[in-house]
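S.K.: fold the following and give me the result.
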Amino acid sequence: MSSESSFDIVSAIDMQELNNAIQQAEKEIGSRFDFKGSKSSMTLEKNELVIVSDDEFMLKNVIDVLHSKMSKRGIALKNLDYGKIEPAASSTVRQRIGLKQGIDQDNAKKINVLIRDSKLKIKSQIQGDQIRVTGKSKDDLQQAIHLLRQANIPLELQFVNFR
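M.R.: Numbers count the residues shown, from 1 in each chain. Okay, here's the model as predicted:
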């Protein structure tokens, strides 16, 4: 057994759970009285979600339904990047919502600074879109996880591969 322990910090959205949340939201929108006759729809394209509805008010309601379904399925709303509302075909409006996957360089640097300033005996290094944290004491690693959960980082972080 090695003397170093480690874990990885990642930020990812479970796409299968997101698909399930979208399907549940579409089913609810199809059955609700206040959406009767509306042209509301949601489509998932590569790394963004496109929502179309009759007007801004209905669009906000569609997003609220989607948020409730995502929350119930354990999907973090922090990883959504809302675009501006724009006009679409046949007098509807559209909003593109980007899905943040991975930790960008700016946030990775912030996380590294937080870990370095914590005075814990651990090291962190950026590895692409994730961060590897290593240290001799598992207690220090758990304190680092607790510290990062309390920090105000604009991404939902997951801690994986704890060994």
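S.K.: am I right that Leu148 is in a strand?
M.R.: No - counting by DSSP: H, G, I helix; E, B strand; the rest coil, Leu148 is not found in a strand; it is helix.
S.K.: need phi/psi at the nearest residue to it once chain neighbours are set aside.
M.R.: Nearest residue to Leu148 in three dimensions, chain neighbours excluded: Leu157, at 6.0 Å (CB to CB, 6 or more residues apart in numbering). (Each C-beta comes from the backbone N, C-alpha and C, glycine too.) Here is the backbone geometry of Leu157 (degrees, to the nearest 10): phi -100, psi 140.
S.K.: what's Leu157 in contact with, if anything?
M.R.: Ile9, Val10, Ser11, Ile103, Ile111, Leu148, Arg149 (CB atoms under 8 Å, 6 or more residues apart in numbering).
S.K.: doesn't Lys100 make contact with the third one?
M.R.: If I follow you right, that is Ser11. Yes - Ser11 is within contact range of Lys100, at 6.7 Å (criterion: CB atoms under 8 Å).
S.K.: can you add pLDDT and secondary structure and give the contacts of Leu157 back as a markdown table?
M.R.: As requested, those are exported to a markdown table (pLDDT from 0 to 100; DSSP: H, G, I helix; E, B strand; the rest coil):
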| residue | pLDDT | secondary structure |
| --- | --- | --- |
| Ile9 | 90 | strand |
| Val10 | 91 | strand |
| Ser11 | 90 | coil |
| Ile103 | 89 | coil |
| Ile111 | 90 | helix |
| Leu148 | 89 | helix |
| Arg149 | 89 | helix |
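S.K.: which residues does the helix or strand harbouring Lys109 contact?
M.R.: Using DSSP states H and E, Lys109 sits in helix 105-117. Contact with helix 105-117 is made by 9, 11, 103, 122, 124-126, 131, 133, 144, 147-148, 151, 153-155, 157, as judged by CB under 8 Å, 6+ apart.
S.K.: pull out the buried members of those residues.
M.R.: Among the contacts of helix 105-117, those buried by neighbour count (16 or more other CB atoms under 10 Å) are Ile9, Ser11, Ile103, Ile122, Ser124, Ile131, Val133, Ala144, Leu148, Ile153, Leu155, Leu157.
S.K.: sorry, back to before: against Leu114, how distant is the residue nearest to Leu148?
M.R.: To Leu114, Leu157 is 11 Å away according to CB to CB, to the nearest Å.
S.K.: residues touching Ile22, list them.
M.R.: With CB under 8 Å, 6+ apart, Ile22 has these contacts: Met42, Leu44, Leu49, Leu66, Lys69.
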